[in-house]
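Novice: Generate a structure from the sequence data that follows.
(one chain, ligands or ions: 1)
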Amino acid sequence: MLNLVLFGPPGSGKGTQSAKLVEKYGLTHLSTGDIFRANIKGETDLGKLAKSYIDKGELVPDEVTINMLEAEVEKAGETKGFIFDGFPRTVPQAEALDKFLNGRNETISLMLELEVADDEVVKRLILRAKDSGRADDADESIIRNRLKVYHEQTAVAAQFYKESNKHRGVNGIGTIDEVFQRLWTEIDA
Ligand code: AMP
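Specialist: Predicted structure coming up:
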């Protein structure tokens, strides 16, 4: 199986690039943000809980997020592999994913980190808010908080993959196709 973690700050292009990677490699896309938003829309208990964090630009607690992600992997059935988009976002999530995959005789093949500077990300998210309808994109103070959370809690999770030489940094600036080419070049190497 090819199991990829697509990593990077909010607005770095993870969702856009995931769609292209799914097409090229036939992988199952799991975006924890998308799953939370589907639960919010469906007004589930999980959605209500998640909304209280997402609206502030904070992370949903690890235990809830990890349980949800594992259930989604179980649900997926037969697949060539997964793209984990927006997960793991903390060190405990990275450790839990590692343990969970090991239990299935699987492992993460690569973590690809899209590198985009904060000011560029803020510009992109404010633009995206016009189409996404996402409240957490529409307010610059929430965007700034998401970035603060990214730098303080999420960026350290990359270390976990650096230690096992599975981390690759990819320049996230350029056209969608330019960035995509950089990603698949790393995967095919
Ligand atoms: P995203 O769509 O990846 O930008 O995620 C939107 C929001 O969902 C984040 O700002 C968090 O509040 C929440 N979220 C998504 N993935 C995770 C995760 N792995 N851990 C905790 N919270 C998450």
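Novice: Next up, the contacts around the residue nearest to the spatial centre of the chain.
Specialist: Using CA atoms, centre = their mean, the residue of the chain that lies closest to the mean C-alpha position is Gly86, 1.5 Å off. The contact partners of Gly86, taken as CB atoms under 8 Å, 6 or more residues apart in numbering, are Lys14, Ser31, Thr32, Gly33. In this view, the C-beta of every residue, glycine as well, is placed from N, C-alpha and C.
Novice: hang on, the second one packs against Phe82?
Specialist: Which is Ser31. No: judged on CB atoms under 8 Å, Ser31 makes no contact with Phe82 at a distance of 10.8 Å.
Novice: Please say which of the two ends up with more neighbours.
Specialist: Phe82 (24 against 19; other CB atoms under 10 Å).
Novice: How confident was the prediction at that one?
Specialist: Here, the pLDDT recorded for Phe82 equals 98.
Novice: Look at the nearest residue to Ala135 once chain neighbours are set aside and say how many residues are nearby.
Specialist: Leaving out its chain neighbours, the residue that sits closest to Ala135 by CB to CB, 6 or more residues apart in numbering is Asp55, at 6.2 Å. Using other CB under 10 Å, Asp55 is surrounded by 13 other residues.
Novice: With the one 4 residues further on instead?
Specialist: Using other CB under 10 Å, the number of residues around Leu59 comes to 18.
Novice: rewinding a little: now, which of the contacts of Gly86 lie within strands?
Specialist: Ser31 (DSSP state E).
Novice: Pick out whichever of the contacts of Gly86 sits closest to the ligand.
Specialist: Gly33 (1.9 Å; CB to the nearest ligand atom).
Novice: This structure against the ligand: which residues are in contact?
Specialist: Contact residues (CB under 6 Å from any ligand atom) of the chain with the ligand: 10, 32-33, 36, 53-54, 57-60, 65, 86-87, 89, 93, 136, 146.
Novice: Can you tell me which of these are buried?
Specialist: Neighbour-count burial (16 or more other CB atoms under 10 Å) applied to these gives 10, 32-33, 36, 54, 57, 59-60, 65, 86-87, 89, 93, 136, 146.
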